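Participant: Here is the input, now give the coordinates:
(one chain, ligands or ions: 1)
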Amino acid sequence: MKKMLIVYYTWSNGNTERIASQLQRAVGADLERIEMVHPYEGSYDEVVAQGQREVNSGFMPDIKTLQHDPADYEVIAVGTPTWWYTMAPAVKTFLADHDFSGKKVILFQTHGGWPGHTLKNMEKACKGAAAGPSLAVQFDSSGGSKLMTAEKDIDAWIRDVKQFL
Ligand SMILES: Cc1cc2nc3c(=O)[nH]c(=O)nc-3n(C[C@H](O)[C@H](O)[C@H](O)COP(=O)(O)O)c2cc1C
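Facilitator: Model prediction:
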């Protein structure tokens with residue numbers, strides 16, 4: 001069985017991709033982005049409003065089949081931007097589509113200052129998995145790409161992840 005797969009979704013600025021790539025460079029895992037079958041269209045504000053409707057209704061959009069099968073890996077890291085205090089809908093679909101029992105999971109989120117209950121909700125969705133060190137990374141509150149969390153905190157998390165593997 002292969003060691004570790006990092007799966008992430010990103011929409012606004014690639015903030016979540018940035019953290020996923022940083023983890024990948026440090027641990028040497030396979031890396032894959034979640035893509036929606038019908039990607040969002042429209043302005044930032046329109047997607048913020050659509051995202052709110054989707055989160056509130058528990059909507060799970062169709063996502064494309066991944067190139068890597070999570071079933072082949074011992075450890076799955078999953079990263080999401082925070083959407084309305086929880087994971088983005090595409091990540092909800094990904095977690096619902098796969099069986100994480102007996103696996104190790106590492107969960108991370110990016111956010112703009114209101115992380116909500118994202119990591120807890122993700123952990124609940126990974127039934128039967130052993131959750132390792134998780135991380136919430138803050139970017140600026142206007143939805144931009146300025147990193148607010150200290151790099152040393154991200155480095156410390158990466159060290160913890162390596163210990164957990
Ligand atoms: C639909 C939507 C909802 C959001 N909801 C929140 C939120 O509840 N709390 C928060 O801190 N940031 C929220 N944000 C900001 C993003 O979580 C933040 O900018 C994130 O780092 C974007 O990651 P990305 O560039 O990987 O998409 C929201 C952004 C969008 C587009």
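Participant: Stretch 110-129: end-to-end distance?
Facilitator: 22 Å (Cα to Cα, to the nearest Å).
Participant: what comes up buried for it?
Facilitator: Residues of stretch 110-129 classed as buried by neighbour count (16 or more other Cβ atoms under 10 Å): 110-112, 115-116, 118-119, 121-123, 125-126, 129. Every residue, glycine included, has its C-beta placed from N, CA and C.
Participant: Just flag the most distant two among those.
Facilitator: Greatest spatial distance among the buried residues of stretch 110-129 (Cβ to Cβ): Gly112 and Ala129, at 27.4 Å.
Participant: May I ask which helix or strand encompasses Arg53?
Facilitator: Arg53 belongs to helix 44-57 when elements are defined using DSSP states H and E.
Participant: what about the very next helix or strand once past that helix, near the ligand?
Facilitator: Once the chain leaves helix 44-57, the next helix or strand it forms, by DSSP H and E, is strand 73-83. Yes. Using Cβ under 6 Å from any ligand atom, strand 73-83 reaches the ligand at Pro81, Thr82, Trp83.
Participant: OK, contacts around Thr16?
Facilitator: By Cβ atoms under 8 Å, 6 or more residues apart in numbering, the contact list for Thr16 reads Tyr8, Tyr9, Thr10, Gly79, Thr80, Pro81, Phe108, Gln109, Thr110.
Participant: run the last query once more with 7 Å
Facilitator: By Cβ atoms under 7 Å, 6 or more residues apart in numbering, Thr16 lies in contact with Tyr8, Tyr9, Thr10, Gly79, Thr80, Pro81, Thr110.
Participant: ok, now Ala129?
Facilitator: Listed by Cβ under 7 Å, 6+ apart, the contact set of Ala129 reads Phe100, Ser101, Lys103, Lys104, Val105.
Participant: From those, list just the buried residues.
Facilitator: Applying 16+ other Cβ under 10 Å to the contacts of Ala129, the neighbour count classes Phe100, Lys103, Lys104, Val105 as buried.
Participant: Farthest-apart pair in these, please.
Facilitator: Phe100 and Lys104 (9.0 Å).
Participant: Helix or strand for the nearest residue to Gln67 once chain neighbours are set aside, just tell me which one.
Facilitator: In this structure, Gln67 finds its nearest non-sequential neighbour in Glu32, 6.0 Å apart by Cβ to Cβ, 6 or more residues apart in numbering. Glu32 belongs to strand 30-33 when elements are defined using DSSP H and E.
Participant: Check which helices and strands that strand is in contact with.
Facilitator: strand 2-8, helix 15-27 (3 or more Cβ pairs under 7 Å, 6 or more residues apart in numbering; DSSP states H and E).
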